[in-house]
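# Got a sequence here, can you build the structure:
(2 chains)
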Amino acid sequence: MNAAAPFLEVRGLSKRFGSLRALDGINLDVPHGGLTALIGPNGAGKTTAFNCISGALRPSEGSIRFEGHEIAGAPYHRVARLGVVRTYQVVQPFAEMTVLDAVTVGALLHHPRVSEARAFAGETIEALGLGSKRDTIARSLTIADKKRLELARALATEPQLLLLDEVMAGLTPTECAAAVELLRGLVAREITIVMVEHVMEVLMPLADHVVVLATGKIIFDGKPRDAVNDPAVIDAYLGRP
Amino acid sequence: MTPRSHGLALGIVVVALAALALGYHNAFVLNLVFVGLIYAVLGQSWNWISGYAGQISFGHALFFGCGAYASALFGVHHGSPWLALPAGALVAAALALAVGFPCFGLRGHYFSIATIAVAAIAEIAVNNIGALGKANGFEMPILAPSLASLQFDDKGQYVLMALVLFAIAQIGTITLERSRLGYYLRAIRANQEAAASVGVDARAAKLATFAAGAALAALAGSLYAQQTLYVGPEDTLALPISIAIALVGVVGGLSTVWGPALGALVYVALARYGGAVLGGQGHGLDLLLYGGLILVIVSWRPDGLAGIGGSIRRFVRRRSAETPA
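Sure thing, here's the model as predicted:
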């Protein structure tokens, strides 16, 4: 690891699907620690950006460097091993596995012994308030619990950079408040978070840094309080009061 | 079932069959038991890649054939059969890696198609290569019976050898279920992309599973050849053998420790014993019976015979839970 290298450095990242430019040459720096909010209207390219950074999709152009390693186009599992792990907007559980078994799959990344991985997965599940459901089959969980499982599975890999794609969508206000506390706890543990979210009142007090995407381009990159007053952001996404 | 109860069940089966092998000298029955054990091992090796890893192989006879031909070649060239075992297993594992590597990066049914194609190519090649005996195959020389020559004058000894291999296959499966690889395979089967997102290398996991299963099938092939002392393409490499192996796995129940053994029991009872009783009349009734059973199981119990066992256990548990204390 090169101490001088930026934590996550994205340069000229483009992703085309046929003639559609989902991402059009974005540049992005995410510092180590803290929470970066990635916002923008539907179809702006937020999930595509996550797919490229996490390795799920091969970018058409550009470079993605994580702690100095070039990860653009690297296999998905290898990016996860370097410490960049994401959750899915549409939850992707291991349907037939129990909660504990599913989280154990994540924990096995850095705990090759099954007994240790199960113990660590158990702790992770407890920390996310899923303890009473550890033997429940993932398919039969509520949507809120499936999202929690998704997060637990990602956290069990002990990521350095966590990409959260709308983990709060569909949660009740009480569940959201619990999720916020959880995220604050993760930031306190020095896990860097980039999150896509639409619930502004949740996001703004939480974010250290806001990036706004619209039609595949970054139109704002700065402090949350500046984002809400930025005319381009208001036009493209927030709307006028 | 816990690993301990699997181990206990395995112990009982091994002791019972070993007692049969040593005490009951009916060659017809012992031959059925031997063939049953060989198919239980083949079904298990198929179950690893096609059950646990979810990649259906229709060419498993290829690996069975690797072992059988290794035994035949070492036999006719006066090599030790104990060298044929690892040689066949290594060739089978290498072939599995060669077939799996390009296929496991793809989605869909490419793997299944490739396994059929490669097994067919191997069968045609063997039929045309003089050094591999062409269509006539090999008659292996009869040696003095001993553990060193892996030839015995008593069928029971072959059953004991097959029992050792069966125990290895079962212990391997029980271990697999509880291992890191076992977790990874279940995750890949459930959702390959989500598995990759938490660091699972799906291709490596499938390749390791496929190669290990191929090696196991080759060991079964070697042992089978040591008992029949004749190896030809029809009996070892042909598509019907591949189908039979897959059916043993499906009938018994995919991704279960005991499914292949149950499937092999059905296969031997119907296809071999039934064939001996009914097939001799030339009506192919045994095949009809076997095919009908597969239709019933696949449409009514897709999780196979082992799945029925699970249902009964759950039913009994529910009944005992409802009974007031």
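# from memory B:A84 sits against B:H78, does it?
No - here B:A84 lies out of contact with B:H78, judged by Cβ atoms under 8 Å, at a distance of 11.5 Å. Any C-beta I mention is one placed from the backbone N, CA and C, and that applies to glycine too.
# Please say which of these two ends up with more neighbours.
B:A84 (28 against 8; other Cβ atoms under 10 Å in any protein chain shown).
# If we ignore the residues flanking it in sequence, what's nearest the more buried one?
What sits nearest to B:A84 in space, not counting adjacent residues and going by Cβ to Cβ, 6 or more residues apart in numbering or on different chains, is B:F74, at 3.8 Å.
# what's the answer for B:Y290, then?
If you skip the residues right next to it in sequence, B:Y290 has B:L270 as its closest partner in space, 4.6 Å away by Cβ to Cβ, 6+ apart.
# Quick one: check stretch A:75-94 for contact with chain B.
Yes - with Cβ under 8 Å from any Cβ of the partner chain as the criterion, chain B is reached by stretch A:75-94 at A:P75, A:Y76, A:H77, A:R78, A:A80, A:R81, A:V85, A:R86, A:Y88, A:Q92, A:P93, A:F94.
# What residues sit buried inside that stretch?
Buried residues in stretch A:75-94, defined by neighbour count with 16 or more other Cβ atoms under 10 Å in any protein chain shown: A:75-77, A:79-89, A:91-94.
# The chain: strands as residue ranges?
Using chain A. Counting by DSSP state E, one finds strands in chain A at the ranges A:8-17, A:20-30, A:35-39, A:61-66, A:69-70, A:84-86, A:161-165, A:192-196, A:209-214, A:217-222.
# looking at chain B here, not the other one
Secondary structure of chain B, counting by DSSP E: strands at B:138-139, B:230-231.
# who does the last one pair up with?
If you go by DSSP bridges, strand B:230-231 pairs up with strand B:138-139 (antiparallel).
# pLDDT score for the closest residue to B:E139 other than its chain neighbours?
The shortest distance from B:E139 to any residue other than its chain neighbours is 5.7 Å, reached at B:Y230 (Cβ to Cβ, 6+ apart). Predicted confidence (pLDDT) at B:Y230: the value is 94.
# Name all residues that make contact with B:Y230.
Residues touching B:Y230, when contacts are defined by Cβ atoms under 8 Å, 6 or more residues apart in numbering or on different chains, comprise B:G137, B:F138, B:E139, B:M140.
# need the helix or strand of chain A with the lowest average pLDDT.
Least confident helix or strand, chain A: helix A:200-206 with a mean of 84, by mean pLDDT, DSSP states H and E.
# Spell out which residues belonging to chain A are near chain B, please.
Contacts of chain A with chain B, taken as Cβ under 8 Å from any Cβ, map to A:54-56, A:75-78, A:80-81, A:85-86, A:88, A:92-97, A:101-102, A:104-106, A:108-109, A:112, A:114, A:117, A:153-154, A:156-157.
# Domains in chain A, by residue range?
The record assigns chain A these domain ranges, following automatic domain parsing: A:1-83+A:164-241, A:89-158.
# quick one, which of the ones you listed is packed in tightest?
Mean neighbour count (mean count of other Cβ atoms under 10 Å in any protein chain shown) peaks for domain A:89-158 among the domains of chain A, with a mean of 20.
# For that one, what is the spacing between the initial and final residues?
The first and last residues of domain A:89-158 sit 20 Å apart, counting by Cα to Cα, to the nearest Å.
# Please state the offset of it from the chain centre?
A distance of 16 Å separates the centroid of the chain from that of domain A:89-158, by Cα atoms, centre = their mean, to the nearest Å.
# Nearest spatial neighbour of the residue of the stretch 1-150 of chain B found nearest chain A, chain-adjacent residues omitted?
Per Cβ to the nearest Cβ, B:G105 is where the stretch 1-150 of chain B lies closest to chain A, at 10.0 Å. In space, and not counting its chain neighbours, B:G105 is closest to B:R203: 5.9 Å by Cβ to Cβ, 6+ apart.
# Contacts only, for the one you found.
B:F101, B:F104, B:G105.
# Is there a neighbour count for B:N127? I'd like the number.
Under the neighbour criterion other Cβ under 10 Å, B:N127 is assigned a count of 17.
# With the one 4 residues further on instead?
Here the number of neighbours of B:A131 (other Cβ under 10 Å) works out to 7.
# and if you look at B:L30?
As a burial measure, B:L30 scores 20 neighbours (other Cβ under 10 Å).
# Select the longest helix from the chain.
Picking chain A for this. Looking across chain A with DSSP state H, the single longest helix is helix A:173-188.
# um, chain B though
helix B:202-228.
# what about chain B, any weak spots by pLDDT?
Per-residue confidence for chain B (pLDDT under 70) gives these ranges: B:275-276, B:278-287, B:302, B:321-325.
# now do 80
Residues of chain B that meet the criterion pLDDT under 80 lie in B:1, B:105-108, B:270-325.
# Next to chain A, which bits of it? Give me the list.
Listed as neighbours of chain A in chain B under the rule Cβ under 8 Å from any Cβ: B:178-180, B:183-184, B:186-187, B:190-191, B:193-202.
# Among these, the buried ones, what's the ChimeraX command?
To isolate the buried members of the residues of chain B next to chain A in ChimeraX, using 16+ other Cβ under 10 Å:
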select /B:180,183,184,186,187,190,191,194,195,196,197,198,199,200,201,202
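# on that earlier part again, can you list the buried residues in the longest helix of chain B?
Of the residues in helix B:202-228, those scored as buried under the neighbour-count criterion (16+ other Cβ under 10 Å) are B:202-203, B:205-228.
# Please name the bridge partners of the most centrally placed residue in chain A.
In chain A, the C-alpha nearest the mean C-alpha coordinate belongs to A:L163, at 1.5 Å (Cα atoms, centre = their mean). With DSSP bridges as the criterion, A:L163 is bridged to A:R86, A:V194.
# A:H110 versus that one, what's the distance?
18 Å (Cβ to Cβ, to the nearest Å).
# what stretches of chain A score poorly on pLDDT?
When the per-residue scores of chain A are filtered using pLDDT under 80, the ranges that remain are A:1-5, A:170, A:238-241.
# at 50 what do you get?
A:1-2 (pLDDT under 50).
# for residue 147, what are its contacts?
Using chain A. For A:K147, the contacting residues are A:T87, A:V91, A:V167, A:M168, A:G170, A:L171, taking Cβ under 8 Å, 6+ apart as the criterion.
# I'd say the second one and A:L141 touch.
This means A:V91. No - using Cβ under 8 Å, A:V91 and A:L141 do not qualify as a contacting pair, with a distance of 9.1 Å.
# Quick check: neighbours shared by the two?
Taking Cβ under 8 Å, 6+ apart as the contact rule, A:V91 and A:L141 both touch A:L149.
# Quick one: end-to-end length of stretch A:213-226, please.
Counting by Cα to Cα: the opening and closing residues of stretch A:213-226 are 15 Å apart.
# who touches it?
Stretch A:213-226 is contacted by residues A:14, A:21-28, A:37-41, A:43-46, A:49, A:203-205, A:207-212, A:227, A:230, A:232-233, A:236-237 when judged by Cβ under 8 Å, 6+ apart.
# Repeat that for stretch A:105-119.
Under the criterion Cβ under 8 Å, 6+ apart, external residues in contact with stretch A:105-119 comprise A:80-81, A:85, A:94, A:97, A:100, A:104, A:120-121, A:124, A:152-158, B:178-180, B:183-184, B:186-187, B:195, B:198-200.
# got a list of what residue 99 touches?
Answering for chain A, as no chain was given. A:V99 is in contact with A:I125, A:L130, A:K133, A:R134, A:D135, A:T136, A:A138, A:L141, A:L149, A:A152, counting by Cβ under 8 Å, 6+ apart.
# Wait, chain B was what I had in mind.
Contact analysis of B:V99 by Cβ under 8 Å, 6+ apart lists B:G59, B:F111, B:A114, B:T115, B:V118, B:F210.
# List the ones among the residues you listed that fall in helices.
The subset of the contacts of B:V99 that ends up in helices is B:F111, B:A114, B:T115, B:V118, B:F210, with DSSP H as the criterion.
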